[in-house]
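Q: Give me coordinates for this.
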Amino acid sequence: MNLIYHLVNRSALDFLGKKEDYLPKSLSQEGFIHFSNKEQLLQTAHRYFLDKKDLWVLAVDVDKLNAKLVYEDLLGRGEVFPHLYGPLNLSAVYAINKLIKEDDCFVLDETKWKFNCL
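A: Numbers count the residues shown, from 1 in each chain. Down below sits the predicted model:
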């Protein structure tokens, strides 16, 4: 299974269970939804969400996505990130997990994935 990861706060997580598609602000503002691969996930959390306390990770199966997924380097840093150009259909969400913050450092406990939660 080929997975990509999207970070959300608790309020977005509550919203997810009530809709068929997830439409974050980035989709309307930038035209796509930001994702990370597994190796980029914690780095992304530290770079953009270090001030957040209640972060969750959506593990998404790329083979189940309805919208176009593009891997691209938009910042010119030589690092390619997955971007979804359309809504995230929740049927593609494979699992969710809470990021734990310990001493100003995010940790992902991979033993605590929750499946079939949406």
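
Q: buried stuff in the top strand by length along the chain?
A: Criterion DSSP state E: the longest strand present in the chain is strand 93-102. Along strand 93-102, these residues count as buried under the neighbour rule (16 or more other C-beta atoms under 10 Å): 93, 94, 95, 96, 97, 98, 99, 101. For the C-beta atoms, the positions are set from N, CA and C on the backbone; glycine is no exception.

Q: Need the residues you listed in CSV (columns: pLDDT and distance to residue 108).
A: Formatted as CSV, the buried residues of strand 93-102 follow (pLDDT from 0 to 100; distance: C-beta to C-beta, whole Å):
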residue, pLDDT, distance to residue 108
93, 93, 16
94, 93, 15
95, 91, 12
96, 90, 12
97, 90, 6
98, 88, 9
99, 87, 6
101, 82, 11
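
Q: ok, residue 39 to residue 83 distance?
A: 17 Å (C-beta to C-beta, to the nearest Å).

Q: the more surrounded of these two?
A: residue 83 (20 against 7; other C-beta atoms under 10 Å).

Q: Contacts only, for that one.
A: With contacts defined as C-beta atoms under 8 Å, 6 or more residues apart in numbering, residue 83 is in contact with 32, 33, 34, 35, 69, 70, 71, 72, 74.

Q: got the contact list for the first one?
A: In this case it means residue 32. 26, 70, 83, 84, 85.

Q: thinking again about what came up before, looking at the contacts of residue 83, state which has the most neighbours.
A: Most surrounded of these: other C-beta under 10 Å gives residue 35, at 24 neighbours.

Q: Now do the same for it: its pLDDT.
A: Per-residue pLDDT puts residue 35 at 97.
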